[in-house]
Structures are given as C-alpha cells and as structure tokens.
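*Asks:* Would you be able to build a 3D model of this:
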Amino acid sequence: MHIHLIQTPEVDIDKYNNVLEILQKIPGPLKFFKDKNSLATDEENSKTENTKTPSKNHSINFFDNKIEDQEEHPKPEAKRQRWKDLFEICNSYRQTHLIAEDEWVILLTDDTNEYNWFAGADPKTKNNFFIHADQWERYVPCDARFPIAYQIMAIILQRYMFTDMIDLQKKLHKKPIGCINDFCKNKEDIIFKLRTADICVSCQKEIIDLDIDGAVINQIIRTTEDIRHQMLFRERFKTTKVESRISIRSPKKRIFFTDMGDAELKLNPLEKCIYLLFLKIEEGIYIHSLSEHQEWLEHEYSFWGNGTLAEMQNRIGQLVNPLENSAHEKISKIKRKIEQLLGNDLSKNYIIEGPRGDKNKILLNRTLVTYDENWRENA
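*Replies:* Now for the predicted structure:
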C-alpha cells in the first residue's frame with residue numbers, strides 16, 4: 001500500500017519530517033512517501049549544499065471525537081476549513097502527481113475544520129484523509145510528532161477494520177482502555193494509548209475475523225511500539241538522566257540513537273563530517289584550528305560529498321577557513337537537528353558547544369559511542 005503524506009503550507013516542516021521519519025522507519029507493506037513538493041525543495045537544497053472498504057454514503061471520522069477547547073484557545077492564524085476543501089487539496093495533489101486511485105493521500109494541516117474532528121476520510125474517493133496536526137502540546141506532555149504519527153497508524157488500522165460510521169461508533173471503546181481504538185472523547189486521553197501502544201483482545205479478534213493482512217498489522221504494532229518506546233525514554237530521562245547510546249554504522253556512517261528506538265540523526269555530508277570529527281576529538285577543537293584536521297575531513301567527505309573532487313575540496317576549505325562562517329553555520333544546524341530529534345532536555349550532551357573563544361566539544365561519554373563496521377546499509 002502506497003501512502004502519500006502531504007502538508008498544507010502552515011505545517012512546520014520539521015514537525016512534518018519528524019512524523020514521516022517515524023512512519024518510514026519500520027519496513028512493511030505500508031510505504032510512506034514524502035510530499036513531492038517538499039521533496040523537490042530538499043533535492044535543490046542538496047545540490048546547493050554549501051552554496052474492507054468504507055461505504056461511500058458515510059464520511060468516516062476515523063479518530064476520536066471533536067477537538068476540545070477549540071473555541072477557547074484558537075490559534076490566530078488557523079482557518080476553519082470545509083471538509084470538501086481539505087479533500088480537494090488531496091485530489092489536486094493526486095492529479096498533479098498522477099497518484100493512482102488505490103493509493104492513499106493523507107493531508108496534515110494546522111487549520112481547524114468545520115466539524116472540529118481530529119481527522120476525517122473522504123467518502124467519495126475513500127482513500128483521502130486529513131489529520132489535524134496542531135495544538136497537541138496543550139493536551140499531551142510529549143513532542144507532537146508522537147501523537148500525530150500514532151494517529152496516522154490508528155487511521156490506517158481503522159480504515160481496514162470499519163465499514164462505515166455506524167460500524168465505527170459501535171466498535172470504538174467509549175471508555176479508554178489503552179487500545180488504539182479507544183474513543184478518547186477528551187484529547188488528553190490519547191496519552192493513555194500512547195503509553196500502552198496496544199490493541200485489545202476484542203479488536204484483535206475483529207482483525208482475525210476480517211482476515212486483515214498480518215504484515216500490515218505487524219507494521220502498525222511495531223510502529224506504535226516504537227512511538228511508545230521513544231516517548232517513554234524521553235519522559236524517564238527527566239528522572240534517570242540516563243543518556244542514549246550512539247551507534248555509527250557503515251558504510252555511510254549513519255548516526256543512530258540506540259536507546260531512542262534507533263532514531264537516526266540525519267545530517268548532510270558536511271554536517272556529518274564535522275560532527276564525526278568532534279566525536280573523534282573528545283577534548284574538543286578550537287573552531288579557528290579546524291584546518292589542522294583538513295586532511296581527515298577531506299578524506300571522510302570524499303565518501304559522501306556531491307560534485308567533483310575540486311568542488312568537494314573547496315567546500316572543506318571553506319569549512320576550515322577561520323575567516324569564513326561555514327563551520328559556525330554547520331554546527332548551528334547540527335544543534336537544531338539534534339534538538340528537533342531528541343528535545344531540549346536530552347540534547348545537552350550531544351550538541352557541539354563551548355564558551356566563546358574556547359574549545360567546542362561534545363560532552364557525551366564516549367563509552368556510549370560504538371562503531372559498527374559490519375552493518376549493511378539495507379540491513
């Protein structure tokens with residue numbers, strides 16, 4: 001099943017990318033594709049790196065109930081959209097990018113909708129959906145990426161399980177029991193589902209009776225469990241202060257946070273080079289002395305960089321030039337990406353930082369860093 005995750009312009013791009021990363025992480029028959037408009041932008045930035053089917057008579061609101069306190073705490077820039085307009089965005093995307101009818105399009109939007117639902121499905125095409133992606137911080141004490149990604153997996157499961165609104169209302173649990181199919185009249189109740197990441201016995205029986213593809217169910221379960229694991233690790237860190245291990249995996253030396261559900265820190269080639277250098281030099285480096293490591297940086301960058309050898313050497317030259325601002329820019333971007341991935345509390349010992357005029361360093365205990373030379377890219 002191909003699922004295209006798209007966004008309206010006001011959705012924060014980092015939030016969108018974080019959600020997509022969670023959904024793409026677990027392999028299986030559900031294939032999540034990035035918004036082609038965002039993908040085109042990413043490609044251009046890379047080139048300039050350093051320069052059962054629901055009834056058509058019912059509109060199924062797959063997830064939970066109305067958005068609570070919407071009128072009491074409206075977001076100033078948010079708009080109240082008609083459902084048909086949200087689904088028209090999905091249809092327009094389908095037409096522009098030649099998306100097949102049997103593929104799904106899920107729209108993330110910060111705008112509210114006319115019925116104040118968290119999510120909805122288009123009764124005409126059956127395979128268009130929208131998700132309300134805003135205001136989660138008011139209701140759940142965790143990063144918004146987790147309830148949004150969880151909500152998407154719930155929609156997918158419920159799309160397979162329920163045939164129409166009557167079926168949905170009959171089978172959703174009115175009292176929360178920690179099942180993915182809890183009704184959750186109050187938005188805060190979703191935290192119960194996030195903590196359990198469970199499918200109850202009665203829903204499991206329904207899945208078996210419907211003969212839903214086991215590989216689909218397995219992917220949904222593994223993804224929701226991964227969401228739970230990452231969310232709970234972040235919560236426990238506040239009291240335990242136990243940091244996640246880092247695993248550097250060949251051949252491209254991808255960077256994974258082992259205890260964060262193997263969350264990957266995605267850096268562009270120049271950012272990766274400088275981050276790995278600071279991991280290597282535990283005592284730290286003066287930014288103005290980066291030229292002392294130019295040969296090492298050029299060697300590492302040659303494996304991942306874009307362009308000719310001369311172009312790559314020129315970029316490294318700019319990176320280590322104390323009269324250029326390239327290194328400071330890269331370190332700032334790395335910090336931002338780590339904070340987006342881990343949150344502010346967990347990020348402290350992973351970022352490159354230091355007092356003005358002094359060495360910059362990564363504080364992380366290097367016993368937590370491992371290098372897996374035998375790891376295969378497609379493992």
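*Asks:* Tell me the helices and strands packed up against the host helix or strand of Tyr16.
*Replies:* Using DSSP states H and E, Tyr16 sits within helix 13-25. Counting contacts by 3 or more CB pairs under 8 Å, 6 or more residues apart in numbering; DSSP states H and E, helix 13-25 is packed against strand 2-7, strand 31-34, helix 145-161, helix 214-240, strand 263-265, helix 326-342. No exception for glycine: its C-beta is placed from N, CA and C like everyone else's.
*Asks:* how about those, which one is nearest Tyr93?
*Replies:* Proximity to Tyr93 (CB to CB) singles out strand 2-7 among these, at 5.5 Å.
*Asks:* Give me the sheet partners of that closest one and which way each runs.
*Replies:* strand 31-34 (parallel), strand 104-109 (parallel) (DSSP bridges).
*Asks:* which of those strands is buried the deepest?
*Replies:* Most buried of the strands paired with strand 2-7 by mean neighbour count (mean count of other CB atoms under 10 Å) is strand 104-109; its value is a mean of 24.
*Asks:* Mind checking what helix or strand follows it in sequence?
*Replies:* Per DSSP H and E, strand 104-109 leads on to strand 112-113 as the next helix or strand towards the C-terminus.
*Asks:* mind listing what that next one pairs with, with the direction of each?
*Replies:* strand 80-81 (parallel).
*Asks:* Check the offset of the strand it pairs with from the chain's centre.
*Replies:* Taking the mean of its C-alpha atoms, strand 80-81 sits 25 Å from the chain's own mean (CA atoms, centre = their mean, to the nearest Å).
*Asks:* Ok, stretch 145-161 next?
*Replies:* Taking CA atoms, centre = their mean, one finds stretch 145-161 lying 14 Å from the centre of the chain it belongs to.
*Asks:* Looking at it now, give me its mean pLDDT.
*Replies:* Average pLDDT, stretch 145-161: 92.
*Asks:* What would that stretch look like as PDB? C-alpha coordinates only.
*Replies:* Included here for stretch 145-161 are C-alpha records, laid out as PDB according to Å, rounded to 0.1, in the frame of the first residue of the first chain:
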ATOM      1  CA  ARG A 145       5.300  14.000  16.300                       C
ATOM      2  CA  PHE A 146       4.300  11.100  18.500                       C
ATOM      3  CA  PRO A 147       0.500  11.600  18.800                       C
ATOM      4  CA  ILE A 148       0.400  12.700  15.100                       C
ATOM      5  CA  ALA A 149       2.200   9.600  13.900                       C
ATOM      6  CA  TYR A 150       0.200   7.400  16.200                       C
ATOM      7  CA  GLN A 151      -3.000   9.000  14.900                       C
ATOM      8  CA  ILE A 152      -2.000   8.100  11.300                       C
ATOM      9  CA  MET A 153      -1.400   4.500  12.300                       C
ATOM     10  CA  ALA A 154      -4.800   4.400  14.000                       C
ATOM     11  CA  ILE A 155      -6.400   5.800  10.900                       C
ATOM     12  CA  ILE A 156      -4.800   3.100   8.800                       C
ATOM     13  CA  LEU A 157      -5.900   0.300  11.100                       C
ATOM     14  CA  GLN A 158      -9.500   1.700  11.400                       C
ATOM     15  CA  ARG A 159      -9.700   2.100   7.600                       C
ATOM     16  CA  TYR A 160      -9.100  -1.700   7.400                       C
ATOM     17  CA  MET A 161     -11.400  -2.500  10.300                       C
END
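*Asks:* related to what we said a few turns ago, same list (the strands paired with strand 2-7) but as a markdown table, adding mean pLDDT.
*Replies:* Compiled in a markdown table, those are given as follows (pLDDT from 0 to 100):
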| stretch | mean pLDDT |
| --- | --- |
| strand 31-34 | 97 |
| strand 104-109 | 96 |
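*Asks:* mind listing what's buried in stretch 178-195?
*Replies:* By neighbour count, with 16 or more other CB atoms under 10 Å as the criterion, the buried positions of stretch 178-195 are 178-184, 187, 189-191, 193-194.
*Asks:* just those residues: which has the poorest pLDDT?
*Replies:* Across these, no position has a lower pLDDT than Lys187, which has 68.
*Asks:* Might you report the residue contacts of Arg245?
*Replies:* Counting by CB atoms under 8 Å, 6 or more residues apart in numbering, Arg245 touches Phe257, Thr258, Asp259, Leu368, Val369, Thr370.
*Asks:* sorry, back to before: just tell me which of the helices and strands packed on helix 13-25 ends up closest to Leu86.
*Replies:* Among the helices and strands packed on helix 13-25, strand 2-7 comes nearest to Leu86, with 11.0 Å by CB to CB.
*Asks:* between the closest one and helix 145-161, how many degrees?
*Replies:* Taking axes from the mean of the first three to the mean of the last three CA atoms, to 10 degrees, one finds strand 2-7 and helix 145-161 inclined to each other by 140 degrees.
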